[in-house]
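Q: give me coordinates for this.
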Amino acid sequence: MFAMTNRAIALVVVTTAALSFALGGCSSSTDKKTAKKEESFQPEFFDSPTQQRSVDRFVEVQAAEGAKEDGMLFATHFDGDELNTAGQAKLNLMMRNLSPREPMVVYMSLAPNDPMAAARRSAVEQYVKDSGIAVAHLDIKEGDNPNMRTTASANLHNLAKTDSDYKGGQGGAGGGASGLSSSGVEAPSMNSAPPASK
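A: Numbers count the residues shown, from 1 in each chain. Below you'll find the predicted structure:
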């Protein structure tokens with residue numbers, strides 16, 4: 001009987017040890033998981049995905065100003081005679097921050113004698129009308145935006161200034177004594193006038 005009691009005691013001790021180990025291990029494991037979850041979630045570090053960041057607002061404003069200044073729609077902005085999503089996005093950008101007193105000018109830079117020009121023009125008019133944005137006057141013009149054109153002579157005249165060896169006011173162009181830019185192209189002299197246009 002004494003041997004049976006020792007076995008019973010040993011069994012109770014082993015069972016108690018196993019249960020305490022299992023329960024103690026689970027609780028510490030749960031504590032570690034909770035602590036790890038709290039460490040990984042840092043709301044002050046990551047913004048909410050639905051919250052608009054200042055850089056996003058900056059990019060949207062710049063895109064809208066660029067679309068408004070450019071003001072051109074091409075054949076790629078249409079699927080047949082209907083505006084595609086690229087055309088709709090461009091018009092949305094052009095209408096963004098548009099003053100209700102300011103006329104909206106759209107240049108339709110399409111191929112000469114485009115058979116769908118009239119239908120595409122009415123698609124643009126209808127889209128602007130359906131947008132619900134107050135537009136004082138919609139002016140649709142044929143061809144490209146003349147304000148986007150520049151002459152090459154003015155840009156070529158300033159080419160030397162883009163070279164890293166440019167020494168302004170010292171009479172020479174970039175590239176040092178040889179007069180060559182770092183790309184090996186002879187840079188125009190700063191004292192020379194741009195070529196006369198014909």
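
Q: measure K161 to N155 for me?
A: Look at K161 and N155: by C-beta to C-beta, to the nearest Å, they are 11 Å apart. C-betas here are computed from N, CA, C, even on glycine.

Q: M148 and D70 touch, don't they?
A: Yes - at 6.3 Å, M148 counts as touching D70 under the criterion of C-beta atoms under 8 Å.

Q: before we move on, what SS does R7 have?
A: Three-state call for R7 (DSSP: H, G, I helix; E, B strand; the rest coil): helix.

Q: tell me, how many residues neighbour it?
A: Number of residues near R7 (other C-beta atoms under 10 Å) recorded here: 10.

Q: got a pLDDT number for it?
A: Confidence at R7, expressed as pLDDT, is 74.

Q: do the same with Q42
A: The model reports Q42 with a pLDDT of 56.

Q: would you check how far apart H77 and V124 are?
A: Counting by C-beta to C-beta, the gap from H77 to V124 is 9 Å.

Q: out of these two, which sits in the more crowded spot?
A: Taking other C-beta under 10 Å, H77 and V124 do not tie; H77 has more neighbours (22 against 19).

Q: with adjacent residues omitted, what lies nearest to that one?
A: The shortest distance from H77 to any non-neighbouring residue, by C-beta to C-beta, 6 or more residues apart in numbering, is to G87 (3.2 Å).
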